[in-house]
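**Q** A structural model of the following input is requested.
(one chain, ligands or ions: 1)
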Amino acid sequence: MSFKSLFLPLALLSTAFAEKPNILLICVDDLRPELKSFGANYIHSPAMDSLVASGRAFTRHYVQAPTCGASRYVLLTGKYGVVQGLRGNNALASVAKDADKQPHSMPRHFRENGYRTVSIGKVSHYPGGLGGKGWSDPEKPEMPGAWDISLMPTDPWENPEVAMHSYAGGKGRERGVTPVNEHVDGDDLTYTDGWITRESLKQMEELSGKDEPFFLAVGLMKPHLPFACPKKYLDLYEGVELPPISHPEKPEGLTTWHSSGEFFGRYFHADRDPRTDPAYADEIRRSYAACVSYADAQVAQLLERLEKLGLEENTIVILWGDHGYHLGEHSIYGKHSLFEESLLAPLVIRAPGMKQSGISSSSITETADIYPTLCELTGVPQPAGLSGESLVANLSDPAAPGRPAISYAGKRETIRTDTHRLIRHHLKDRTAFELYDHTGSDGEITNLAGEKPELVQELNALLDERMK
Ligand SMILES: [Ca+2]
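**A** Modelled structure (predicted):
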């Protein structure tokens, strides 16, 4: 008997809970693996660390796209964005225009299979799941039919669009005018994630009283820009020395380096630049860390309430970062590259009855794997045509193998194997490659494509095959 078949009955049928397990999906915006349990020792992240200790952390989970909307498209449809229109922030909205042609979203599929589905905060690209003016037009759902309830609490902000890049006191972002970070002294409701958590706890209470299983998706906004959170979380890092920034040099030659437009162009920096000003770099990194701790405090409340309501034993919990983030590595502040820093994000899964909990897996996994995993864990039929593969075997055995991960940004595509990363550029007159060897300490500094044409050819063919 395989691990998989041993595992399933435990996951599905502990005798006290013959019903399908609930799902709590926690999406954290722009969270790179900057958690103590993922090796960032200076970070204060006790709640997410506790989930790692009781579940399975995937330390090499790669997103398909280093930008919010396109990455969430893959999470919520289980499909790669094979065409350009599915590689930007409007990926979900673009397919929603034609509901008959779009793939059924994961929450809609679970809803049609007996789940009550609720979304709070930023789960799809627009917090609350609506497009249009102020991201609040009920006629423009990003995922038609997905949710029984989809909410973005906006008090004291005007609407979800303002709340997305918000400051204390109901203020919104003004391009190039409002600061890149802010830490007002106040409680968690000083910023949006406190409101998202408060509503999520209320929804969880209500769901616990229903007969049907629930799929509750909670989308926290931090540590997305602006790096704004209550001062008490910044205070956690007072006197803490941050580790040096690894490989801070700007890469040479053809790469996916960019000028950090979101970071520099949309916020006020008082003519300071962390790429040349170490004290400012330190301040920025502390603000990011503070926002991670603020998000962690929200996760703590969600996990505590789950336990208090007696739901812990029959709820699958997923913690997912939608992509990574450069904090100075390769001289970038932001995402959008195809370097490891943009593509590596935390994934933690805790399933009822799982074996060897608390042991991390370094097998390569992808965001696209989450949908088929949830189908297998719950017994909900898996729809045809999903791009990923179930991780249930990896939940039974942390040493179970993964498979190479593919990602893309615009017309650039990449594949990451256990040992190498190949990045493919479609230029006007030719195709060009970056090849990086991850077996040593060089990481993604030296492009070896010219030295290893056979390996380039092999990985290029594999990338083609996977992108079909
Ligand atoms: Ca994001």
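**Q** contacting residues around the residue in the chain positioned nearest to the ion?
**A** Minimum separation of the chain from the ion (Cβ to the ion) falls at residue 68, amounting to 3.5 Å. All C-beta spots, glycine's among them, are computed from the backbone N, C-alpha and C. Going by Cβ atoms under 8 Å, 6 or more residues apart in numbering, residue 68 touches 29-30, 89, 122, 125, 224, 322-323.
**Q** Within reach of the ion, which of those residues are there?
**A** Among the contacts of residue 68, proximity to the ion is found for 29-30, 322 (Cβ under 5 Å from the ion).
**Q** okay, those residues in TSV with neighbour count and secondary structure next?
**A** Formatted as TSV, the ones next to the ion among the contacts of residue 68 follow (neighbours: other Cβ atoms under 10 Å; DSSP: H, G, I helix; E, B strand; the rest coil):
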residue	neighbour count	secondary structure
29	24	coil
30	25	coil
322	28	coil
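**Q** Lowest-confidence one in the contacts of residue 68?
**A** Within the contacts of residue 68, the minimum per-residue pLDDT falls on residue 89 (84).
**Q** For that one, grab the count of nearby residues.
**A** Neighbours of residue 89 under the rule other Cβ atoms under 10 Å: 17.
**Q** distance of it from residue 193?
**A** Separation of residue 89 from residue 193 (Cβ to Cβ, to the nearest Å) stands at 20 Å.
**Q** can you give me the mean pLDDT across the host helix or strand of residue 51?
**A** In this structure, residue 51 is located in helix 46-54 according to DSSP states H and E. Helix 46-54 shows a mean pLDDT of 98.
**Q** and what of stretch 173-186?
**A** 97.
**Q** gap between the two ends of that stretch?
**A** 20 Å (Cα to Cα, to the nearest Å).
**Q** wait, residue 391 sits on residue 373?
**A** Yes - assessed by Cβ atoms under 8 Å, residue 391 is found in contact with residue 373 at 4.5 Å.
**Q** Could you chop this structure up by domain?
**A** For the chain, automatic domain parsing gives the domain ranges 3-403, 411-468.
**Q** Would you mind putting the CA coordinates of the strand or helix carrying residue 463 into CSV?
**A** Assigned by DSSP H and E, residue 463 falls within helix 453-466. Extracted as CSV, the C-alpha positions of helix 453-466 are listed here (Å, rounded to 0.1, in the frame of the first residue of the first chain):
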residue,chain,number,x,y,z
PRO,A,453,24.6,24.7,-24.6
GLU,A,454,23.5,21.1,-24.2
LEU,A,455,21.9,21.8,-20.8
VAL,A,456,20.3,24.9,-22.2
GLN,A,457,18.8,22.9,-25.0
GLU,A,458,17.5,20.2,-22.6
LEU,A,459,15.9,22.6,-20.2
ASN,A,460,14.5,24.7,-23.0
ALA,A,461,12.7,21.6,-24.4
LEU,A,462,11.4,20.8,-20.9
LEU,A,463,10.1,24.3,-20.6
ASP,A,464,8.3,24.0,-23.9
GLU,A,465,6.7,20.7,-22.9
ARG,A,466,5.5,22.1,-19.6
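**Q** I'd like to know which elements that helix is packed against.
**A** strand 412-416, strand 420-426, strand 431-437 (3 or more Cβ pairs under 8 Å, 6 or more residues apart in numbering; DSSP states H and E).
**Q** Could you list the buried residues of it?
**A** Buried residues in helix 453-466, defined by neighbour count with 16 or more other Cβ atoms under 10 Å: 455-456, 459-460, 462-463, 466.
**Q** ok, how many other residues are close to residue 310?
**A** Neighbours around residue 310, by other Cβ under 10 Å: 10.
**Q** With the one 3 residues further on instead?
**A** Each residue near residue 313 was counted by other Cβ under 10 Å, and the total is 13.
**Q** quick one: it is in a strand?
**A** No - applying DSSP: H, G, I helix; E, B strand; the rest coil, one finds residue 313 to be helix, outside a strand.
**Q** what's the pLDDT at it?
**A** For residue 313, pLDDT reads 95.
**Q** Is it in contact with residue 352, as I believe?
**A** Yes - counting by Cβ under 8 Å, residue 352 is a contact partner of residue 313 at 6.0 Å.
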